[in-house]
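Q: return atomic coordinates for the entry below.
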Amino acid sequence: MYRFIDLFAGIGGFHVALKKQGMDCVFASEIDKAAADAYARNFNHEPAGDICTVASSNIPEHDILCAGFPCQPFSRAGKRDGINDDRGRLFYEIVRIAKHHKPMVLLLENVKTILTIDNGHVKREIYRSLEKIGYRLDHVVLNAGNFGIAQKRERCYFVAVQKDSPLSFAHPKPVKRFKLLRDFILPHEMTEGMGLNRNDIVFDRPKNPEPQPKPMRIGYINKCGQGERIYSINGHAITLAANSGGAGSRTGLYMVNDQIRRLHIDEAKQVMGFEKKHIVSKGIAGYRQLGNAVIPDMISRIYDHIRIAA
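A: You can find the predicted model right below:
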């Protein structure tokens with residue numbers, strides 16, 4: 001049985017994916033106490049706290065290192081300070097641990113802007129750092145909406161294998177089948193009270209467009225800013241965000257059964273590829289945890305495309 005470690009673990013997207021592959025998690029770390037509590041409740045595995053305080057020698061031997069390292073320094077929604085941000089420098093904790101343990105594979109995920117920040121310097125530094133400690137690195141940007149997830153979510157996936165390994169990474173191809181947000185909408189009685197009662201709702205496009213695998217804006221409130229756009233459930237959800245403003249913060253607004261509302265937390269879980277029973281914190285914290293999460297199905301697909309080179 002392969003063993004993996006789960007760094008910057010959040011609510012456990014990597015764990016869900018690799019557990020389904022029959023692997024054993026031997027170590028996890030998560031500094032956010034609420035997310036760590038959710039992780040422990042989901043997997044009966046208590047994460048360590050700040051990875052910077054954990055000696056490499058105190059981490060068990062493992063075959064695969066997983067890390068959805070903090071994306072805020074690289075995100076459009078942040079200041080995009082990259083490696084110069086203290087959170088961006090957490091990438092070097094991955095390097096430290098990989099250098100000590102030499103796992104067979106590294107699976108990393110981040111926002112796609114990590115590739116272009118500082119004129120590509122951050123990307124070059126990631127490649128240089130991992131190549132220096134003996135890894136061949138590849139990356140691919142994928143939109144989860146093209147792989148059976150009812151959400152537009154573009155993320156960069158890095159796969160590193162040891163330089164003398166026979167393994168290689170083949171980029172996944174989009175699937176023909178797609179799911180829509182309407183496939184996950186809860187019964188009205190479960191979302192009662194979530195609707196907006198406002199006099200500034202504007203529909204400037206058809207309310208019931210033909211189904212398409214992409215977010216489809218049909219209206220807006222206020223000035224149509226972030227979190228104020230209204231989308232159809234006949235398309236995909238917009239990218240769930242850990243932090244965003246407006247009445248539709250973190251999920252966007254949707255027209256559901258003639259009411260305008262945000263997604264229910266159980267709907268948000270499902271458009272991230274988690275089961276409804278997956279535990280997150282209550283209230284806004286739960287939405288934030290989902291917005292920060294890694295989609296398990298995408299990690300499974302990445303792993304399935306690591307093969308012995310022909």
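
Q: when you work out contacts or count neighbours from here on, use the C-alpha atoms and nothing else.
A: OK.

Q: list of residues touching stretch 130-147?
A: When contacts are defined by C-alpha atoms under 8 Å, 6 or more residues apart in numbering, stretch 130-147 is touched by residues 95, 98-99, 112, 127, 150-163, 169, 171, 174-179, 213-214, 236, 298.

Q: next step: those residues restricted to strands.
A: Among the contacts of stretch 130-147, the members falling in strands (DSSP state E) are E154, R155, C156, Y157, F158, V159, A160, V161, Q162, F169.

Q: tally up the residues packed near D200, please.
A: 10 (other C-alpha atoms under 10 Å).

Q: and I306, by the same measure?
A: Using other C-alpha under 10 Å, I306 has 18 neighbouring residues.

Q: pretty sure it is touching S168, no?
A: Yes. Using C-alpha atoms under 8 Å, I306 is in contact with S168, at 5.6 Å.

Q: from C25, how far off is the residue lying closest to G148 once chain neighbours are set aside?
A: Leaving aside its chain neighbours, G148 sits nearest to F178 (4.6 Å; criterion: C-alpha to C-alpha, 6 or more residues apart in numbering). Using C-alpha to C-alpha, to the nearest Å, we find F178 at a distance of 31 Å from C25.

Q: which one of those two has more residues nearby?
A: Looking at F178 and C25 with other C-alpha under 10 Å, you find the greater number of neighbours at C25, namely 20 against 17.

Q: look at the more buried one and tell me its secondary structure.
A: Here C25 is recorded as strand under DSSP: H, G, I helix; E, B strand; the rest coil.

Q: what sits closest to it if chain neighbours are left out?
A: Using C-alpha to C-alpha, 6+ apart and skipping the chain neighbours, the partner closest in space to C25 is F4 (5.0 Å).

Q: neighbours of the one you found, how many?
A: F4 - counted by other C-alpha under 10 Å - has 26 other residues nearby.

Q: is it in a helix, a strand, or coil?
A: Each residue gets one of three states, and F4 gets strand by three-state DSSP.

Q: just list whatever residues bridge to it.
A: Beta bridges link F4 to C25, I64, judged by DSSP bridges.

Q: now the helix or strand harbouring D138: buried residues?
A: In this structure, D138 sits in strand 135-143 according to DSSP states H and E. Within strand 135-143, the residues scored as buried using 16 or more other C-alpha atoms under 10 Å are Y135, R136, L137, H139, V140, V141, L142, N143.

Q: what's across from the fourth one in the sheet?
A: Here H139 sits in beta bridges with F158, going by DSSP bridges.

Q: wait, A67 sits on F4?
A: No. If you go by C-alpha under 8 Å, A67 and F4 don't touch, sitting 10.5 Å apart.

Q: ranges for the helices of the stretch 101-250 of the chain?
A: Assigned by DSSP state H, counting those that start in this stretch, the stretch 101-250 of the chain shows helices spanning 121-132.

Q: now Q162: closest residue in space, sequence neighbours ignored.
A: Y135 (4.4 Å).

Q: low-confidence bits of the stretch 51-200 of the chain, can you list those?
A: 71-88 (pLDDT under 70).

Q: redo that, cut-off 80
A: For the stretch 51-200 of the chain, the stretches with pLDDT under 80 are 71-89.

Q: what's the ChimeraX syntax to select whichever of the contacts of stretch 130-147 are buried?
A: Of those, the buried ones can be selected in ChimeraX as follows, counting by 16+ other C-alpha under 10 Å:
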select :95,98,99,112,127,150,151,152,153,154,155,156,157,158,159,160,161,162,169,171,178,179,213,214,236,298
